[in-house]
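Undergrad: Show me the folded form of this:
(one chain, ligands or ions: 1)
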Amino acid sequence: MHWNLNNLNERVSDNKFVNDTICFFAHEVAHLYQNSRIGDIYGESDESWLHEGHADWLAASALQELYPDTREYVANKIDRYRNHCAKGLRQFPLVEAADKGRFDLYYSCGLLIHQAIDLALQKHAKKDIYSLWVDFRKQAETGDTKGSKVFLAHTEKWTSKALVNRINEVIESKLSSPENTLNQLATSK
Ligand SMILES: [Zn+2]
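TA: Residues are numbered from 1 along each chain as shown. This next block holds a predicted model:
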């Protein structure tokens with residue numbers, strides 16, 4: 001992480017710049033949390049919602065936890081992501097985003113997927129978004145399977161089949177009403 005700025009003194013008085021910067025750092029730190037001793041456990045690039053969305057959701061959670069003043073900033077970001085993701089999913093399924101050069105959708109749709117998982121986990125109260133990742137990592141390290149299918153199998157174990165079906169819809173389908181699907185995703189238990 002490196003900046004070439006000659007006006008940093010001015011930029012630090014801009015809240016958006018400060019929040020964007022903290023968010024960026026938190027996202028990269030989340031990738032350190034995701035790390036595994038066997039290297040990449042995320043699967044193929046068309047499954048990048050798994051690690052990029054996860055990192056963005058952990059960053060959003062960290063900001064709200066550590067800097068309560070950023071709640072509005074985070075809420076606005078999530079609203080923006082919802083619109084961005086919905087627009088993309090009307091054109092093609094998330095799994096095709098890599099081929100279409102639309103990697104940005106893995107961040108926006110991915111954050112919404114992990115937010116939904118986290119909220120469902122909190123309702124079931126047995127795991128959280130961190131311990132779920134630890135389970136996933138353990139299996140990837142001890143078995144020979146990795147990637148989003150393994151992650152979603154763990155998710156289903158600690159949440160519900162209904163939620164995972166909804167996630168698969170977001171990943172694999174071109175949606176006629178993505179706003180509805182994303183709303184249903186957010187309220188699945
Ligand atoms: Zn990243």
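Undergrad: The ion contacts on this structure?
TA: Within the chain, the residues that sit near the ion (CB under 5 Å from the ion) are 52, 55. From N, CA and C alone the C-beta is placed, and that goes for glycine too.
Undergrad: residue contacts, the spatially most central residue of the chain?
TA: Centroid check for the chain by CA atoms, centre = their mean gives Gly53 as the closest residue, at 2.0 Å. Gly53 sits next to 106-107, 109-114 when contact means CB atoms under 8 Å, 6 or more residues apart in numbering.
Undergrad: now, which of the residues you listed sits nearest the ion?
TA: For those, the residue nearest the ion by CB to the ion is Tyr107; the value is 7.6 Å.
Undergrad: Can you get me a residue count around that closest one?
TA: By other CB atoms under 10 Å, the residues close to Tyr107 number 19.
Undergrad: Could you look up the SS state of the residue nearest to the centre of the chain?
TA: helix (DSSP: H, G, I helix; E, B strand; the rest coil).
Undergrad: Which residue is the nearest non-sequential neighbour of it?
TA: Setting aside the residues directly before and after it, Gly53 is nearest to Gly110 in space (CB to CB, 6 or more residues apart in numbering), at 1.7 Å.
Undergrad: Kindly state the pLDDT recorded for the one you found?
TA: Turning to Gly110, the model gives it a pLDDT of 98.
Undergrad: next one: Tyr73
TA: pLDDT at Tyr73 comes out at 97.
Undergrad: Now, the contacts of Gly53 that are in helices?
TA: 106-107, 109-114 (DSSP state H).
Undergrad: Closest one of those to Lys87?
TA: Among the ones in helices among the contacts of Gly53, Cys109 lies closest to Lys87 (CB to CB), at 10.5 Å.
Undergrad: What is the burial count for that closest one?
TA: Quick note: Cys109 (other CB under 10 Å) scores 28 neighbours.
Undergrad: contacting residues around the closest residue to it other than its chain neighbours?
TA: Spatial nearest neighbour of Cys109, excluding adjacent residues (CB to CB, 6+ apart): Cys85 at 4.0 Å. By CB under 8 Å, 6+ apart, Cys85 lies in contact with 105, 108-109, 112, 178, 182.
Undergrad: secondary structure element for Cys85?
TA: helix 71-89 (DSSP states H and E).
Undergrad: Show me which residues of that helix are buried.
TA: 73-74, 77-78, 81-82, 84-86, 88-89 (16 or more other CB atoms under 10 Å).
Undergrad: now swap in stretch 35-45 and tell me
TA: 41-43.
Undergrad: Now do the closest residue to Lys87 other than its chain neighbours against Ser61, distance only.
TA: Excluding the flanking residues, the one nearest Lys87 by CB to CB, 6+ apart is Pro178, at 7.8 Å. Look at Pro178 and Ser61: by CB to CB, to the nearest Å, they are 24 Å apart.
Undergrad: So if I had to pick from these two, which one is more boxed in?
TA: Neighbours around Pro178 and Ser61, counted as other CB under 10 Å, are more numerous at Pro178. The numbers are 23 against 19.
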